[in-house]
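Q: can you look at this prediction? I've put the sequence above it.
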Amino acid sequence: MEFSKKDLEQIQGHNLSLAQIEKQLENFKIGFPFVNLEKPAVIGDGILQVEESKVIDYVNAFENYASCASLVKFVPASGAATRMFKDLYDFKSSFDSSKNSLEDFPAVKEVIDNIKQFAFYESLLPLGIEKAIEEKNYLKIVELILEDKGLSYGQSPKATIVFHKYDDEVRTSFEEHLVEAAKYCLNDKKEVKLHFTISGNHQEKFSALLEKVKAKYEERFSCTYEIEFSEQKSSTDTVAVYLDNSLVRDNEGNIVFRPAGHGALIENLNEINADIVFIKNIDNVIHDKYKEITYKYKKILAGILVTLKKEVDSYLNIISKQSFDESILSKIKLFCRNNLLIELKDLSSFRDFEEYRNYLLSVLNKPIRVCGMVKNEGQPGGGPFWIRKENGELSLQIVESAQVDMKNEKQKEIFNNSTHFNPVDLVCLIKNFKGEKFELTDFVDYNTGFITEKSQQAHKIKVQELPGLWNGSMANWITIFVQVPLETFTPVKTINNLLDKGHNPF
């Protein structure tokens with residue numbers, strides 16, 4: 001494909017190279033390989049179920065480690081909440097009072113019937129919500145929630161939407177993350193560090209909200225917040241193509257670039273310098289009434305992580321510094337099999353001891369993540385699986401449906417038999433046994449992106465997503481799956497979710 005001087009300048013402006021664009025175009029032509037599912041990860045075979053007798057040990061292990069460690073909570077929070085209000089937008093565009101009744105739109109009816117239960121209701125009072133309710137002006141009610149003349153929630157980041165109501169205040173999801181972090185990300189200097197990935201056009205709203213609430217929560221929790229914001233890097237953008245694989249261009253002939261999904265955030269995560277990073281989505285927060293179980297399991301996951309890290313590091317120090325006998329090797333193999341669920345190759349498979357040492361280092365000297373998993377109750381999305389890699393080895397991975405060949409009945413059956421769901425509840429260690437930060441992009445499986453079709457101005461186009469943050473981007477990490485209670489997973493995917501018990505307990 002020929003590129004003009006203008007194209008090359010545009011590519012360079014995105015901090016991309018021509019070779020990267022050509023690789024993206026090749027991906028559209030040949031596609032990404034599907035993963036090879038071996039079996040679902042289940043309790044006792046890939047997923048750890050924490051024994052109650054070990055809870056205090058894990059909590060203590062984390063708290064002892066945290067007293068002298070750097071901790072960060074990483075929250076993907078980019079994008080507007082448009083999808084959260086999809087039902088309201090559909091209603092607004094199609095409701096005709098002469099043809100429709102509210103019953104024709106059950107999701108919207110639930111919102112309107114329960115409008116006073118939403119934590120943001122009081123913000124609607126000065127905007128005329130009571131009159132709209134009295135007159136049964138349903139379109140007006142919806143517009144007051146969505147549009148600029150009202151709360152402008154349709155164009156707001158989900159982080160700035162009021163989620164929860166308390167006796168003397170209301171809180172946005174952004175504030176709930178500040179509250180949570182103060183309970184498990186507090187270091188010995190009384191500092192609480194959070195990193196939010198945001199869209200550049202929302203920076204002003206985030207900054208204004210932070211300035212408004214920061215002092216209040218610092219006083220409440222006797223801490224100092226250090227908040228960082230970052231944008232998804234333009235160098236992770238990808239081109240789009242039509243179905244014939246020709247480049248999509250705008251009306252002025254410019255190449256159309258698109259953000260390449262949450263997998264691009266591995267670049268943002270890679271710039272964080274911390275011992276432990278907690279990762280949780282912006283909308284997965286819960287009312288104070290139920291937060292204790294969240295705090296408990298965050299510390300359990302982190303305790304499992306630091307316990308494993310301590311032993312991994314001890315073996316890495318032995319492997320890297322000295323020769324070791326068969327008894328030490330047996331202990332390493334047993335630890336890997338029982339604790340990391342990794343089956344090590346035998347020494348006999350290698351030419352000499354030095355080659356085997358390098359192999360052991362390559363297996364163990366990696367970032368480690370402990371991932372909470374909830375029982376699957378029909379949520380759409382990825383889950384924990386054993387996959388068979390190209391070299392024949394088994395590997396624990398979080399797998400999305402788009403990565404699976406659903407036309408293959410066996411693969412489809414394995415995917416559908418998954419017992420657990422990925423709630424995006426991760427605790428990560430991103431430094432090696434020498435205390436040096438890993439280069440996280442070295443551990444990405446770049447073959448795990450995927451291509452989907454979308455519509456743009458009446459045209460069908462293909463778009464490409466980079467390997468997801470918690471699947472392909474972390475494919476070559478040491479991975480541990482742990483069952484966590486369903487109560488710790490309370491995402492707000494639609495406005496109606498704010499009426500659920502975890503968000504509205506009154």
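A: Looks like it came in fine.

Q: for the stretch 151-300 of the chain, which segments count as strands?
A: 162-165, 170-172, 191-198, 224-231, 238-239, 241-242, 257-258, 276-280 (DSSP state E, counting those that start in this stretch).

Q: over to the stretch 351-500 of the chain?
A: 368-375, 383-388, 394-399, 420-421, 425-429, 450-456, 459-465, 478-483.

Q: looking at the ones you listed, which one has the lowest mean pLDDT?
A: Mean pLDDT is lowest for strand 450-456 out of those, coming in at a mean of 83.

Q: in that one, what counts as buried?
A: By 16 or more other CB atoms under 10 Å, the buried positions in strand 450-456 come out as F450. Every residue, glycine included, has its C-beta placed from N, CA and C.

Q: ok, residues contacting it?
A: The contact list for strand 450-456, computed with CB atoms under 8 Å, 6 or more residues apart in numbering, reads 27-28, 31-32, 240, 243, 248, 400, 402-403, 460-465.

Q: scan those and report the most crowded one.
A: Q403 (25 neighbours; other CB atoms under 10 Å).

Q: where's that one relative to G303, distance?
A: 31 Å (CB to CB, to the nearest Å).

Q: and which of the contacts of strand 450-456 is nearest to E211?
A: Checking those against E211 by CB to CB gives E465 as the nearest, at 34.1 Å.

Q: if I look at the residue nearest to F450 when sequence neighbours are not counted, how far off is L429?
A: Nearest non-adjacent residue to F450, counting by CB to CB, 6 or more residues apart in numbering: A402, 4.4 Å away. Separation of A402 from L429 (CB to CB): 28 Å.

Q: who are the contact partners of L316?
A: 361, 364-365, 432-433.

Q: any idea how far L243 is from K389?
A: 32 Å.

Q: give me the phi and psi angles of the residue nearest to S70 when sequence neighbours are not counted.
A: Spatial nearest neighbour of S70, excluding adjacent residues (CB to CB, 6+ apart): A274 at 4.4 Å. Reported as degrees, to the nearest 10, the phi and psi values for A274 are phi -150, psi 160.

Q: wait, isn't A274 in contact with L71?
A: Yes: at 6.3 Å, A274 and L71 qualify as touching, with contact defined as CB atoms under 8 Å.

Q: give me the pLDDT value at K190.
A: pLDDT, K190: 94.

Q: that one touches T224, doesn't it?
A: Yes: the criterion here is CB under 8 Å, and K190 meets it with T224 at 6.2 Å.

Q: just to revisit the earlier point, and of the strands of the stretch 351-500 of the chain, who's closest to N504?
A: strand 368-375 (20.4 Å).

Q: what's the most buried one of the strands of the stretch 351-500 of the chain?
A: Highest mean neighbour count among the strands of the stretch 351-500 of the chain (mean count of other CB atoms under 10 Å): strand 425-429, with a mean of 25.

Q: run through who's touching that one.
A: Contacts of strand 425-429 (CB under 8 Å, 6+ apart): 275-280, 284, 297-298, 301-302, 305-306, 309, 367-372, 470, 477, 484, 488-489.

Q: restrict it to CA atoms and write it as PDB.
A: Below are the C-alpha coordinates for strand 425-429, written out as PDB (Å, rounded to 0.1, in the frame of the first residue of the first chain):
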ATOM      1  CA  ASP A 425      -9.900  -7.600  40.400                       C
ATOM      2  CA  LEU A 426      -6.100  -7.900  40.200                       C
ATOM      3  CA  VAL A 427      -3.200  -7.400  42.500                       C
ATOM      4  CA  CYS A 428       0.200  -7.200  40.700                       C
ATOM      5  CA  LEU A 429       3.900  -7.300  41.600                       C
END
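
Q: walk me through which strands it pairs with, and which way each runs.
A: Under the criterion DSSP bridges, strand 425-429 sits next to strand 276-280 (antiparallel), strand 368-375 (antiparallel) in its sheet.

Q: got the angle between it and strand 394-399?
A: 130 degrees (axes from the mean of the first three to the mean of the last three CA atoms, to 10 degrees).

Q: tell me the angle of strand 425-429 relative to strand 478-483?
A: 150 degrees.

Q: distance between strand 425-429 and the chain's centre?
A: 10 Å (CA atoms, centre = their mean, to the nearest Å).

Q: could you do stretch 55-66 as well?
A: Computed by CA atoms, centre = their mean, the chain-centroid distance of stretch 55-66 equals 24 Å.

Q: with stretch 137-154 instead?
A: How far stretch 137-154 lies from its chain's middle: 29 Å, per CA atoms, centre = their mean.

Q: hmm, who's touching that stretch?
A: In contact with stretch 137-154 (CB under 8 Å, 6+ apart) are residues 80-82, 84-85, 88-89, 91-92, 95, 97, 102, 108, 112, 115, 120, 123-124, 127-129, 131-133, 155, 161, 495.

Q: what of stretch 97-115?
A: Contacts for stretch 97-115 (CB under 8 Å, 6+ apart): 87-88, 90-91, 94-95, 118, 121, 124, 129, 133, 138-139, 141-142, 494-496, 499.

Q: buried members of those into PyMOL, please.
A: Under the burial definition 16+ other CB under 10 Å, those of the contacts of stretch 97-115 that qualify are selected in PyMOL by:
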select buried, resi 87+88+91+95+118+124+129+133+138+141+142+494+495+496
